[in-house]
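A.B. asks: give me coordinates for this.
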Amino acid sequence: NPFRSSTRQVFLENLSNDDDAHIIDRTSMFGGLFKISRRYGVYGLTRTSIDLDLMNSESKFIGMPVNRKDRDDFLGTKYGSPL
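C.D. replies: Okay, here's the model as predicted:
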């Protein structure tokens, strides 16, 4: 799709002592004019499943932050439930 691209980075091993396992999803639209970044914490991992929790979400338009939400903003909503 020429108007949208997505990347996913998985960080499960070789992390610093103060960092937990996590996954970062980044979506860029309209040639990078609008970007969304979401960070998921990994809370459970088996051979067949992974338990994720949305930790923060950030939207940017032309490089300027438009919307930022952290874990406390998701508690009690459908985004606060494990995926």
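A.B. asks: every contact and neighbour count from this point should use C-alpha atoms.
C.D. replies: OK.
A.B. asks: how about low-confidence regions in the chain?
C.D. replies: 72-83 (pLDDT under 70).
A.B. asks: list the contacts for residue 28?
C.D. replies: Taking Cα atoms under 8 Å, 6 or more residues apart in numbering as the criterion, residue 28 is in contact with 4, 5, 6, 34, 35, 36.
A.B. asks: the fourth one contacts residue 65, doesn't it?
C.D. replies: No - counting by Cα atoms under 8 Å, residue 65 is not a contact partner of residue 34; they are 9.9 Å apart.
A.B. asks: ok, these two, which is more surrounded?
C.D. replies: Ranked by neighbour count (other Cα atoms under 10 Å), residue 34 and residue 65 place residue 34 first, with 18 against 13.
A.B. asks: ok, the more buried one to residue 14 distance?
C.D. replies: As judged by Cα to Cα, to the nearest Å, residue 34 and residue 14 stand 31 Å apart.
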